[in-house]
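**Student:** this one's structure only:
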């Protein structure tokens, strides 16, 4: 029996499915409240839409990194690592745009919030932050979580299903928000690729790598296949697909 | 029914062959347990049976697929023999591979727990697949 919880933060829906010992009891409700509190804190610190967030103040030069919560330095370091791995396609700071660590924050924040669910004994969960998700399965007899991958050409359809016991799935594309990801090298949004889905152990890296591969446009599949420990699906603009 | 099962077996063998290439290059392999959302369109019988396909030799090792049919529907697909097959490694599948389905999402029929897609906004959520899924399960 799976229990579901839904709430909203950072302008996106957070969905949780829980099964096992603490699926619907007080412990589950407390953990869910802690997950949401954790995400709201991240929003207050990192949001580029909030002029009073640490990231906005940092971008305006009003505070130093050392004056921010240590998580800010952690995310900036992640962004730097992501930039280096991406060959320049992924950047958290660009001319004319300023500091925008959004490409790193979402998966990182959801993975960080999930520690409250990991504390639940004998309990399996699947937590989704706006379409990027993290699964855990402890029960050896359980079925894997079944993750549907949205068809970027028709978001009312699924294009694939991934059975995941424990691990993360993240997808990058323009289906819902329009072209908000650009290749930092050219400044232009991708045209050859419609979406990239990455499956790996860490949600932080699933999210970063899905965005990075997507920014690589026609090189999305070849870039992703060069990253160790990643599996995934690239859906091209002409509706063909490549499984990595 | 039998023809459908054989078709599935051959299809799945091909998928496994395709998947086998990458996994054999990059460490522990993974078997997936799947209930495809497709309705084979037969229905009727309620008995459960398991059909095991032939073991096929590939350049990455032998591959064999097993399909369980219950109530006229495929309820499980397992890969008992897999290149570099190691039961322990198959238990955790963070690197599970997407299986192409092309399904319209009727939340229940597709039988998925969560949907991964380009970031859904709170405004668009109600009309999204994930929204339909949560509505059905809440």
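**Tutor:** Nice, I can see it. Everything quoted here is computed from the prediction, not taken from an experiment.
**Student:** any stretches of the chain with poor pLDDT?
**Tutor:** Here I'm looking at chain A. Along chain A, the model assigns pLDDT under 70 to residues A:93-97, A:175-180, A:184-185.
**Student:** my question was about chain B, not that one.
**Tutor:** B:1-46, B:53-54, B:56-95, B:105-109, B:138.
**Student:** domain assignment for it?
**Tutor:** B:2-98, B:103-138 (automatic domain parsing).
**Student:** can you classify the residue nearest in space to the middle of chain A as helix, strand or coil?
**Tutor:** Central residue of chain A (CA atoms, centre = their mean): residue A:107, 3.1 Å from the mean position. Of the three states, residue A:107 takes helix under DSSP: H, G, I helix; E, B strand; the rest coil.
**Student:** next one: the one 5 residues further on
**Tutor:** With three-state DSSP as the basis, residue A:112 sits in helix.
**Student:** not counting its neighbours along the chain, what's nearest it?
**Tutor:** residue A:38 (6.4 Å; CB to CB, 6 or more residues apart in numbering or on different chains). (Glycine included, C-beta is placed from N, CA and C.)
**Student:** contacting residues around that neighbour?
**Tutor:** By CB atoms under 8 Å, 6 or more residues apart in numbering or on different chains, residue A:38 lies in contact with A:109, A:112-113, A:116.
**Student:** between these, which is nearest residue A:146?
**Tutor:** Distances from residue A:146 to these, taken as CB to CB, are shortest for residue A:113 (22.3 Å).
**Student:** ok, the closest one to residue A:242 distance?
**Tutor:** Applying CB to CB, to the nearest Å, the value for residue A:113 to residue A:242 is 32 Å.
**Student:** of the two, which one has the most company?
**Tutor:** Set residue A:113 next to residue A:242 and count neighbours by other CB atoms under 10 Å in any protein chain shown: residue A:113 wins out with 27 against 16.
**Student:** so the closest residue to residue A:50 other than its chain neighbours, which state does it fall into?
**Tutor:** Leaving out its chain neighbours, the residue that sits closest to residue A:50 by CB to CB, 6+ apart is residue A:56, at 6.2 Å. Look at residue A:56: counting by three-state DSSP, its state is helix.
**Student:** residue A:56 and residue A:47 touch, don't they?
**Tutor:** Yes. The pair residue A:56 and residue A:47 qualifies as a contact (CB atoms under 8 Å) at a distance of 7.4 Å.
**Student:** tally up the residues packed near residue B:102, please.
**Tutor:** Residues near residue B:102, counting by other CB under 10 Å, number 13.
**Student:** got the phi and psi for it?
**Tutor:** With angles defined as degrees, to the nearest 10, residue B:102 sits at phi 60, psi 70.
**Student:** list the contacts of the closest residue in space to it that isn't next to it in sequence.
**Tutor:** Spatial nearest neighbour of residue B:102, chain neighbours left out: residue A:159 (6.1 Å); criterion: CB to CB, 6+ apart. With contacts defined as CB under 8 Å, 6+ apart, residue A:159 is in contact with A:149-152, A:233, A:235, A:241, B:100-102.
**Student:** tell me which element residue A:159 is part of?
**Tutor:** strand A:154-164 (DSSP states H and E).
**Student:** tell me the buried residues in that strand?
**Tutor:** Buried residues in strand A:154-164, counting neighbours by 16 or more other CB atoms under 10 Å in any protein chain shown, are found at A:155, A:157-164.
**Student:** all helices of chain A, in order?
**Tutor:** Along chain A, the stretches classed as helices by DSSP state H are A:26-46, A:54-59, A:70-86, A:102-113, A:115-118, A:203-215, A:220-225.
**Student:** any idea which of the ones you listed gets closest to residue A:195?
**Tutor:** Of all the helices of chain A, helix A:203-215 sits nearest to residue A:195, with 7.0 Å by CB to CB.
**Student:** list the buried residues of the closest one.
**Tutor:** A:203-215.
**Student:** residues contacting the closest residue to residue A:217 other than its chain neighbours?
**Tutor:** Once flanking residues are discounted, residue A:217 sits nearest to residue A:190: 3.8 Å by CB to CB, 6+ apart. Remark: with contacts taken as CB under 8 Å, 6+ apart, residue A:190 is in contact with A:181-183, A:214-217, A:220.
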